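1. Prediction below, plus the sequence it came from.
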Amino acid sequence: MAASAVLPEVVTPTAVSAKPRARRRGFALLLLVSLLIISLGAVEDLYGNTDRGDIYGSDAVQYLDIARAFQQHDFHSALNPLWSQGYPALLAAARPLFAAGPIGDWHNTRTVNFAIFTADYLAFLFLLTGLFRSRKSDDSKRTLFLWAAALAIFFVTQVCIGQVSHVNPDELVTTLFFVACGLLIRVLHTSASKPIRLGLLLGLTLGLGFIAKAVFLVLGCALLAFFALALFTKRRKLTPAIAATAVFAIIVGSYGAALSHAVGHFTLGEAGSINYAWHVNRLQKWVHWQGGVQPAAEAWPKASIAHFAQWENSPPDFGAPIHPTTVLQTSPVVYGFAAPIHATYVPYFDPPYFYAGYHHLFRVRYQLIALVKNFGDLAQVVLTQPLFIAFALALLVLLSEPRIRRAFLPSLRRHWLLPAIALTGIAIYLPVHLEGRYLAGFLAVLLLTLLFAAFELPPSPNRLRAAGLLLLLGFTGSLIGYQLPVWRNLAHHKSPSNNIEWLRGQAILAQHLPSNTQIGVIHWTPNLQSDWAYIAHMQITSEIASPQDMDLFWQSSPAQQQATLETFRHAGAAAVIAINKPLSAGGPFWQHLPNTDLWIYRF
């Protein structure tokens, strides 16, 4: 095992005097700790809260729809320019192992997420052992501290921040990022006998990362450039970097060709451009853009920010969509939507299709506002984790020793590659939009490199004990405090069966509508995260999607309501689902679905 090469130093005074029995004891200790970490990850997987408290959470239905398209061999729908295919492909591959129906879907996502988390941990160990092998021999106490601190960093970044329970590709992206960093370490800082083979594996890893999420296109190019620079500064042959670049380019080109064929024009993905339009330029989110000038009050959360952006004086001209969602009726507004793809809620499944025609623009003020917001979000991610605060304090304690402080910066300069890549990953998200789960892998690598640089020389025993105590307190705070919702859900035996989205989906299934039935929805918001509709295998193709229009519908006369319902029917809806219908509104043909807030009107 790769870890066993550095474990003897944990339990013996020096690496030289390590014996087989001590090595076995060290490996057994790592195995026990690993089982604990994997178990905690499994608990988060089963009992963690999604970001909306639903069965799957925000953006999840889009990935689940792609997985369903793969299962049905509908590759035209599966090749989506916004939502990447790597994670859904894994869901689709594992789906036959589970029973048909919603409960099989749920077990599939839990199992695949847990498998990815396990792979993530192994990839982290691959990186960590590479870092140990690149160092000079450490004494046992220093090595033990490094192992304990590194595993604490993994748990907090990958379980507390990354969250195993979320149905998205971010943990898979982190796994591949760890593998890429581990390969870099082995090529540059160890006596790798076959660097070209490692270069080929690096290119494959980066290519798979690109298929998992589009951010790997920019990250992969930056990583390869840094890799070539590191080889050049070490006066090593560039052959491994060239091999990695060739494999990466082949995968990107092949994927781009398939995606371009499915979309109908050349593209390598449009996640970056449309997210920039939404988050920086404040193009109307997330659906039903009809063109025209957006009011400042809708574009910006605060009037002072809108004033700084000069939106009132010079509003941006985004143009008009080529094929927008259709306004079927104006009072109340009823939207209809159709596209040459199949999904639970098409407008959010393929925004590039419905937003095609918007004008890209760059304004310095908009970018400054986005940067300030994203730096604030980054600070929130860091400052809400007790371990991160404890890590900063422990680093200050260690660097208060002059000889440690003098060795710290030279060590970072010698091993600049990994922190440069980690900071680049964070920098990619900063101008547009970031969330903690996007940054989990980058934060882990950055903290690891800072930790190893601070331990270039052995600290005094007192400082080592103080730093260890701080990290223990921080880890305990993250484990207990930050994960409190998980422990609460575990104590209450949380399961899908008592979730409102699950109950809604099951109630609609009980209506025995055929799979892929087109339905209309009356709700106070667009149905972007419609777990219930995915569970029931319905396709939302029309909707009333604002509080004003919903109230207008229920307050209108029976004849007007019937005319609106006919609008839904003409749009192809076999039924209309109303969420939170007023009890006194509507006619006798509305049927309440038991144990839910849903009402159904069938044609």
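-> Everything's here; your move.
2. how about the helix or strand containing residue 129: buried residues?
-> Using DSSP states H and E, residue 129 maps to helix 102-133. For helix 102-133, a neighbour-count test (16 or more other C-beta atoms under 10 Å) marks 102, 105-110, 112-114, 116-132 as buried. C-betas here are computed from N, CA, C, even on glycine.
3. quick one: buried residues of stretch 186-197?
-> Buried residues in stretch 186-197, defined by neighbour count with 16+ other C-beta under 10 Å: 186, 187, 188, 189, 192, 195.
4. Residue 234 versus the second one, what's the distance?
-> Read it as residue 187. Counting by C-beta to C-beta, to the nearest Å, the gap from residue 187 to residue 234 is 10 Å.
5. before we move on, what about the last one?
-> Taking C-beta to C-beta as the measure, residue 195 falls 11 Å from residue 234.
6. Same check on the third one?
-> As defined by C-beta to C-beta, residue 188 lies at a distance of 7 Å from residue 234.
7. Residue 274 too?
-> For residue 274, the distance to residue 234 - C-beta to C-beta - is 40 Å.
8. repeat for residue 518
-> Distance from residue 518 to residue 234, counting by C-beta to C-beta: 61 Å.
9. and those two? which has more neighbours close in?
-> residue 518 (17 against 10; other C-beta atoms under 10 Å).
10. Secondary structure element for the more buried one, which one?
-> For residue 518, the host element (DSSP H and E) is strand 517-523.
11. Paired strands for that strand, with orientation please.
-> Paired strands of strand 517-523, with direction, are strand 538-545 (parallel), strand 575-579 (parallel) (DSSP bridges).
12. so of those strands, which one's packed in deepest?
-> Most buried of the strands paired with strand 517-523 by mean neighbour count (mean count of other C-beta atoms under 10 Å) is strand 538-545; its value is a mean of 26.
13. What mean pLDDT does that strand get?
-> For strand 538-545, the mean per-residue pLDDT is 96.
14. Which helix or strand lies directly C-terminal to it?
-> Note on strand 538-545: by DSSP H and E, the next helix or strand toward the C-terminus is helix 547-555.
15. what angle separates that next one from strand 517-523?
-> Inter-element angle recorded for helix 547-555 and strand 517-523: 100 degrees (by axes from the mean of the first three to the mean of the last three C-alpha atoms, to 10 degrees).
16. Quick check: next helix or strand after helix 547-555?
-> Heading C-terminal from helix 547-555 (DSSP H and E), you reach helix 558-570.
17. Figure out how far that following helix is from the centre of its chain.
-> From the chain centre to the centre of helix 558-570 is a distance of 40 Å (C-alpha atoms, centre = their mean, to the nearest Å).
18. Give me the contact list for it.
-> By C-beta atoms under 8 Å, 6 or more residues apart in numbering, the residues outside helix 558-570 that reach it are 328-329, 332, 334, 520, 542, 544, 553-554, 556, 576, 586-587, 601, 603.
19. mind saving the C-alpha coords of that helix as PDB?
-> Extracted C-alpha coordinates of helix 558-570, given in PDB (Å, rounded to 0.1, in the frame of the first residue of the first chain):
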ATOM      1  CA  PRO A 558     -64.900  30.600 -12.600                       C
ATOM      2  CA  ALA A 559     -65.200  31.400 -16.300                       C
ATOM      3  CA  GLN A 560     -61.800  33.100 -16.400                       C
ATOM      4  CA  GLN A 561     -60.200  30.300 -14.500                       C
ATOM      5  CA  GLN A 562     -61.700  27.800 -16.900                       C
ATOM      6  CA  ALA A 563     -60.300  29.800 -19.800                       C
ATOM      7  CA  THR A 564     -56.800  29.800 -18.200                       C
ATOM      8  CA  LEU A 565     -57.100  26.000 -17.700                       C
ATOM      9  CA  GLU A 566     -58.000  25.600 -21.400                       C
ATOM     10  CA  THR A 567     -54.700  27.500 -22.100                       C
ATOM     11  CA  PHE A 568     -52.800  24.800 -20.200                       C
ATOM     12  CA  ARG A 569     -54.700  22.100 -22.100                       C
ATOM     13  CA  HIS A 570     -54.000  23.600 -25.500                       C
END
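20. quick one: the helices in the stretch 251-400 of the chain?
-> 271-279, 296-299, 303-309, 346-349, 351-354, 364-383, 386-399 (DSSP state H, counting those that start in this stretch).
21. So, low pLDDT: which residues of the protein?
-> The chain contains residues with pLDDT under 70 at 1-19, 22, 51-53, 137-138, 190-192.
22. For it, which residue occupies the most central location?
-> Per C-alpha atoms, centre = their mean, the C-alpha nearest to the average position across the chain is that of residue 170, at 3.4 Å.
23. wait, isn't that one in contact with residue 438?
-> Yes - assessed by C-beta atoms under 8 Å, residue 170 is found in contact with residue 438 at 6.2 Å.
24. where do the strands sit along the protein?
-> Assigned by DSSP state E, the strands in the chain fall at 326-330, 333-336, 517-523, 538-545, 575-579, 591-592, 598-602.
25. can I get these in TSV with distance to residue 426?
-> Output for the strands of the chain, formatted as TSV (distance: least, C-beta to C-beta, whole Å):
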stretch	distance to residue 426
strand 326-330	41
strand 333-336	37
strand 517-523	37
strand 538-545	35
strand 575-579	39
strand 591-592	49
strand 598-602	42
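26. Could you measure from the residue nearest to the centre of the chain over to residue 436?
-> 9 Å.
27. between these two, what contacts are shared?
-> Applying C-beta under 8 Å, 6+ apart, one finds that residue 170 and residue 436 are jointly contacted by residue 162.
28. re the thing from before, for the residue nearest to the centre of the chain, which residues are in contact?
-> Neighbouring residues of residue 170 by C-beta under 8 Å, 6+ apart: 162, 213, 437, 438, 440.
29. And for the first one, the neighbour number?
-> If I follow you right, that is residue 162. 29.
30. gap between the closest residue to it other than its chain neighbours and residue 434?
-> Distance criterion C-beta to C-beta, 6 or more residues apart in numbering; nearest residue to residue 162, sequence neighbours excluded, is residue 440 at 3.9 Å. According to C-beta to C-beta, residue 440 and residue 434 sit 11 Å apart.
31. Look at those two and report which has more neighbours.
-> The neighbour comparison of residue 440 against residue 434 (other C-beta under 10 Å) goes to residue 440, with 25 against 19.
32. Against residue 168, how distant is the more buried one?
-> From residue 440 across to residue 168, the span is 12 Å (C-beta to C-beta).
33. Over to residue 83?
-> For residue 83, the distance to residue 168 equals 9 Å [C-beta to C-beta].
34. same check, this time on residue 318
-> To residue 168, residue 318 is 28 Å away according to C-beta to C-beta.
35. and these two? which has more neighbours close in?
-> Taking neighbours as other C-beta under 10 Å, residue 318 and residue 168 compare with residue 168 leading, 26 against 22.
36. That one reaches residue 61, doesn't it?
-> No - using C-beta under 8 Å, residue 168 makes no contact with residue 61, being 11.0 Å away.
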